[in-house]
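Colleague: Predicted model and sequence below, questions to follow.
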Amino acid sequence: MATQVNDRIDVRISTEQKELFKRASVISGFKNLTEFVVHCVYKESKSLLIEESQILKSEEDKRIFFNALLNPPSPNAHLKKARLNYLKFKSEQFDENLQTGEIPQKE
């Protein structure tokens with residue numbers, strides 16, 4: 001599968017780094033150093049992005065999350081007030097629908 005080249009980056013590295021990369025690209029079977037570098041950077045970038053997108057990264061994160069699911073805290077005053085506001089809003093919406101003759105949609 002051919003890759004279309006439409007951009008370029010320039011990187012300054014030491015002679016030792018370049019030789020190391022060249023040797024690694026040869027033993028890995030890449031046609032050239034550029035192909036090897038692009039492959040490695042692409043692979044590492046995807047890996048980092050996948051890791052970053054994980055919500056529960058550590059065992060401690062998992063423990064906290066599942067503990068909150070299994071042992072939820074009691075509703076505080078703000079949550080109780082929000083529930084009452086929601087119920088009041090829904091009741092007002094229902095009354096409006098009755099007055100206009102609209103059939104309320106079930107959620």
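Modeller: Thanks, I have it. Numbering: from 1, shown residues only.
Colleague: now the spatially most central residue of the chain: how far from Pro75?
Modeller: Centroid check for the chain by C-alpha atoms, centre = their mean gives Ser53 as the closest residue, at 3.0 Å. Counting by C-beta to C-beta, to the nearest Å, the gap from Ser53 to Pro75 is 31 Å. For every residue, glycine as well, the C-beta is placed using N, CA and C.
Colleague: Does Phe30 fall in a helix, a strand, or a coil region?
Modeller: With DSSP: H, G, I helix; E, B strand; the rest coil as the basis, Phe30 sits in coil.
Colleague: List the contacts of it.
Modeller: Each residue near Phe30 by C-beta atoms under 8 Å, 6 or more residues apart in numbering is listed here: 36, 39.
Colleague: which phi and psi does it have?
Modeller: Here is the backbone geometry of Phe30 (degrees, to the nearest 10): phi -80, psi 150.
Colleague: how near is it to Glu60?
Modeller: Counting by C-beta to C-beta - Phe30 and Glu60 are separated by 40 Å.
Colleague: so how far is whichever strand or helix holds Val37 off the chain centroid?
Modeller: Per DSSP states H and E, Val37 falls inside helix 33-53. Helix 33-53 has its C-alpha centroid displaced from the chain centroid by 17 Å (C-alpha atoms, centre = their mean, to the nearest Å).
Colleague: pLDDT of it, averaged?
Modeller: Mean per-residue pLDDT for helix 33-53: 94.
Colleague: Good, we can wrap up now.
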